[in-house]
Every structure is written in structure tokens, then in C-alpha cells.
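Visitor: model this:
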Amino acid sequence: MAFDWNDLRYFLAVARAGRLTAAARALGSDHATVSRRVQALETRLGALLFERSPRGYALTEAGERLLTHAERIESDAAKIHDDIAGELYALSGSVRIGAPDGFGAFFLAPRLAAFARANPELEVQLVATPRLFSLSKREADVAIALSRPEKGRLISRKLTDYTLHLYASAEYLRAHPVREKADLGHHPMIGYIPELIYTPELDYLSVVMGDHAPPFTSTNLFAQQRAVEAGEGIAVLPDFMARHAPDLVQVLPETVEITRSFWLVAHQDQRDSARIRAAMRFVADQVAQARAEFLPPRMEGG
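Guide: Numbers count the residues shown, from 1 in each chain. Next up is the predicted model:
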């Protein structure tokens, strides 16, 4: 039977979403059509691509092999579109930027609006969430990572180092002063959910406290900061966010300081795309102009 290349779009959507309904939403289709196209692809290839269960669709061994080929075809198709349609040389189409929640929502979001206004033919998308982004799967065109990628056909550059300190509210510290690091064990700490930390660079509390189980944890940095502002305890927060919260005070700044880095990453196949290069240049320029936000002078501790 003739192979229908368009069926690969449906296969990729299901492989990434794990469910027909989610894949259908991503494709702007309905789940019956997605199911029919996947079944047609399996018939043409003479292979079962997914294991179906109440939990969703999981790739079989044949599906895993096809995924590698399908993603390569998807990447080549994007390059063909860019080249022939002229998008390599024009700021049109869309660019999706993936970033950690703090950097993306607090720092980048207010600045990206200006980038969008300056490029009215370009659709600018920001995915600000704490996770790893797969550039080969087009989950993002440009990503801000907390470490330099060691695998994959990726290009990267270091954006900046940034510092983090312990913070608490001024009211909390008046009632519960912290005089030395040993005191921290007697205070409620706030941090990330250990088993949901997606990269070791976010495991701050183990650096400060060792094997310590905080009473309140969240995957969201804004939730952690809001809890600290409410006087619920102490947390490690990035200075570029916390220093703008008027009621927050650094705790033991001379004793506890953590330094991390932001990296700008894109797929090698996209390095010649004008929209990708423009987005990367914009992010890098904004970070360079705000260098003092990421490596600020020491604040007075509580």
C-alpha cells in the first residue's frame, strides 16, 4: 500500500501526547480522525506502533524506531519550509521560547512584548514552566536551560551566572531571628518537591541543609516566593526575583550564597533561521543589559 507521509503528523502527535484527545487538540482535529490515521499507518507498515491501555498510548519497539525517523523527517520538512518559503531571511512565522518559570515569567515576559511589537509578522510564544524542553520534538525553538546540554545536535551559549540566597519576610525574622547557619534546622524551609526536581541545579536545599525534608514544597518558584512573603518560612530564591519583593530580606548572605547559570540553546538545524537568530540575539541582549539583576551587590541580611 502507498505510504501517506501526512500520517506521520498524527503518529508524532500521539507519541508526544500519549493520548488521542490531547493529540487531537494539538492538531486541531478530533480523536476519531487521529485514531483512524494512526491505524492506517500501522496497516501500511504492517506493525503495531502503540500499546493501547486505559492510561493512554505507549510506543512499542516498532513505534520507537519509527519515532526516530519521523522526527528526522519533521526536522527536514521544517528546513525545507524555511528555505523555500523564505523564512530563513524574514521575521515571519512563529518562534517559541521555553524557559524556567522564574526567568521566563518574571524577567523575560515583560521584555518579549517589545520584541513582538518590533516584529509584527512574527508570532512570539513563551512557555514559562520548570521542565526540560525537547528541541528535536519542536517543544520549543529556543530554550533557556540551567546547564549546558551535553547531548544532541544543539548549539548553546552562556547567558549569565546568577546568584541565589536564603530569604524570609522581615516580619518572620523579627519573630524568629536567624543568627547562624546551625539555626536553620529549627526553621520551616520551603523548596522544590524532591522527586519532581527536573534538573540537579534546582536542588538548592540539599546544598544548604543536607538531608532535610521541608514542610512545604512546590514545583513552582512563584509559589515558593509567595509562601515566604506570607511569613511561612525560609527559601532559597534567585536574587533577580527576590530583591524586587520589598518585604523580603536576605538571611545569612555572607554564609550562604549559591551561583547558577542560564544557557541559551537552539537546535543546530535552526541556526540559519532569521527568526531563531533574532530571538536568541534579543534574549542575549536583554540579559546583557540587565547583568546587575542577576549578579547584584549584597543586600543587608536579617
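Visitor: Check the separation of the first and last residues in stretch 43-62.
Guide: 13 Å (Cα to Cα, to the nearest Å).
Visitor: Centre of the chain to that stretch, how far?
Guide: 29 Å (Cα atoms, centre = their mean, to the nearest Å).
Visitor: and the helix or strand hosting V249, which residues are buried?
Guide: According to DSSP states H and E, V249 maps onto strand 248-251. Residues L248, V249, Q250, V251 are the ones in strand 248-251 that count as buried (16 or more other Cβ atoms under 10 Å). All C-beta spots, glycine's among them, are computed from the backbone N, C-alpha and C.
Visitor: Note down every partner strand of the following helix or strand past it and its orientation.
Guide: Per DSSP H and E, the first helix or strand lying C-terminal to strand 248-251 is strand 258-267. Sheet pairing of strand 258-267 (DSSP bridges) gives strand 142-145 (antiparallel), strand 154-169 (antiparallel).
Visitor: before we move on, what SS does R96 have?
Guide: Following DSSP: H, G, I helix; E, B strand; the rest coil, R96 is assigned to strand.
Visitor: Contact partners for it?
Guide: Listed by Cβ atoms under 8 Å, 6 or more residues apart in numbering, the contact set of R96 reads Q125, L126, V127, R138, E139, A140, D141, V142.
Visitor: that older thread, with mean neighbour count and mean pLDDT added, can I get the strands paired with strand 258-267 in JSON lines?
Guide: Converted to JSON lines, these look like this (neighbours: other Cβ atoms under 10 Å; pLDDT from 0 to 100):
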{"stretch": "strand 142-145", "mean neighbour count": "23", "mean pLDDT": "96"}
{"stretch": "strand 154-169", "mean neighbour count": "20", "mean pLDDT": "96"}
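Visitor: Select, out of those strands, the one closest to G104.
Guide: Closest approach to G104 among those (Cβ to Cβ): strand 142-145, 7.1 Å.
Visitor: what's in contact with that closest one?
Guide: Applying Cβ under 8 Å, 6+ apart, the contact partners of strand 142-145 are 95-100, 103-104, 108, 132-133, 135, 156, 159, 262-266, 276, 279-280, 283.
Visitor: could you redo the last one with a cut-off of 7 Å?
Guide: Contacts of strand 142-145 with the rest of the structure, by Cβ atoms under 7 Å, 6 or more residues apart in numbering, involve 95, 97-100, 103, 133, 135, 262-266, 276, 279-280.
Visitor: before we move on, the earlier item: just the buried ones among the contacts of R96, please.
Guide: The neighbour count (16+ other Cβ under 10 Å) marks L126, R138, A140, D141, V142 as buried among the contacts of R96.
Visitor: If we only consider the contacts of R96, which is nearest to V38?
Guide: Nearest to V38 among the contacts of R96 is R138, at 19.1 Å by Cβ to Cβ.
Visitor: How about the closest one: what's its closest non-neighbour residue?
Guide: E74 (7.0 Å; Cβ to Cβ, 6 or more residues apart in numbering).
Visitor: how about the nearest residue to L221 once chain neighbours are set aside, secondary structure?
Guide: Leaving aside its chain neighbours, L221 sits nearest to G102 (4.3 Å; criterion: Cβ to Cβ, 6+ apart). With three-state DSSP as the basis, G102 sits in helix.
Visitor: okay, now A32: neighbour count?
Guide: Applying other Cβ atoms under 10 Å, we find 10 residues neighbouring A32.
Visitor: Also L196?
Guide: 12.
Visitor: who's in contact with it?
Guide: Listed by Cβ under 7 Å, 6+ apart, the contact partners of L196 are T219.
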